[in-house]
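# Structure, please.
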Amino acid sequence: MQNIQFPVNFESKRSTLAKEFKATDASGKVIAYVRQKMFKLKEDIQIFSDESKTKVNYRIKADKWLDFSTAYSFYEEGNAKSFGKVVRKGWRSIWKAQYQIIDENEKQQYAISEENAWVKVLDSLLGEIPILGMFTGYLFNPSYIVEDMNGKQIIRLKKQASFFGRNFELSKLGELDTDDDDRVMLSLMMMILLERRRG
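Predicted coordinates for the structure are as follows:
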């Protein structure tokens, strides 16, 4: 997923039984097709080169990491060594979604955090109300910021208003090291799968 043209759009459909979505760049070209296998006790996500699902480029697998947080490790297809992971900060994520992007040397490189925690609260409250709950996907659309270890904003991921789909737009705010493209992109893809139950 090198030389990506921003903004990148992630598009999925509520009617799809499996958890899957496609990523397209600014030119409309499909740069990845993400699919999570159903009925697995542990997450096993495949990232294909396109919608034909004939060539797997990456896999994401769940594992435990420090302080018992769940980590999702990244693998290039055919390579047993992980080149990074994203870690969901369990208790901290109850109020406001927070993730850490870890490199192949087990060092944190980036942090992902939800911009407005109240969106999550209002989404949850309205979602419990019959009929009105159907409108949460249109009314409450969370956004997430990727920051480097100096607090510099690099990328924003924002959910787009939609009744029947789960669409996100990924926009570039700052410069990203070429070597980190895949780690950041895979981290955001995994986060979408984890947060997709909202709205």
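
# What segments of this protein are helices?
With helices called from DSSP state H, the chain shows them at 117-127, 136-139, 181-195.

# and those helices, which one's lowest on average pLDDT?
Across these, helix 136-139 has the smallest mean pLDDT, namely a mean of 54.

# contacting residues for the closest residue to Ala62 other than its chain neighbours?
Leaving aside its chain neighbours, Ala62 sits nearest to Glu43 (4.1 Å; criterion: C-beta to C-beta, 6 or more residues apart in numbering). No exception for glycine: its C-beta is placed from N, CA and C like everyone else's. By C-beta atoms under 8 Å, 6 or more residues apart in numbering, Glu43 lies in contact with Gln36, Ile60, Lys61, Ala62, Tyr72, Leu193.

# Next, give me the two most distant ones among those residues.
Spatially, the most separated pair among those is Lys61 and Leu193, at 12.7 Å (C-beta to C-beta).

# what bits of this structure have low per-residue confidence?
1-2, 13-18, 39-42, 64-68, 90-95, 117-140, 162-165, 196-199 (pLDDT under 70).

# Recalculate using a threshold of 50.
The model of the chain has pLDDT under 50 over residues 17, 133, 198-199.

# all strands of it, in order?
8-13, 19-24, 30-36, 44-48, 56-64, 70-76, 84-88, 98-103, 108-114, 143-148, 153-159, 165-172 (DSSP state E).

# export these to CSV and tack on mean neighbour count and distance to Asp182?
Formatted as CSV, those follow (neighbours: other C-beta atoms under 10 Å; distance: least, C-beta to C-beta, whole Å):
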stretch, mean neighbour count, distance to Asp182
strand 8-13, 18, 13
strand 19-24, 20, 12
strand 30-36, 20, 10
strand 44-48, 19, 9
strand 56-64, 17, 7
strand 70-76, 20, 7
strand 84-88, 23, 8
strand 98-103, 21, 11
strand 108-114, 19, 12
strand 143-148, 19, 14
strand 153-159, 19, 13
strand 165-172, 18, 14
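
# Just send the ones you listed back as a markdown table, with distance to Asp180 too.
A markdown table is the format used below for these (distance: least, C-beta to C-beta, whole Å):
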| stretch | distance to Asp180 |
| --- | --- |
| strand 8-13 | 15 |
| strand 19-24 | 17 |
| strand 30-36 | 16 |
| strand 44-48 | 16 |
| strand 56-64 | 14 |
| strand 70-76 | 12 |
| strand 84-88 | 9 |
| strand 98-103 | 8 |
| strand 108-114 | 6 |
| strand 143-148 | 9 |
| strand 153-159 | 9 |
| strand 165-172 | 13 |
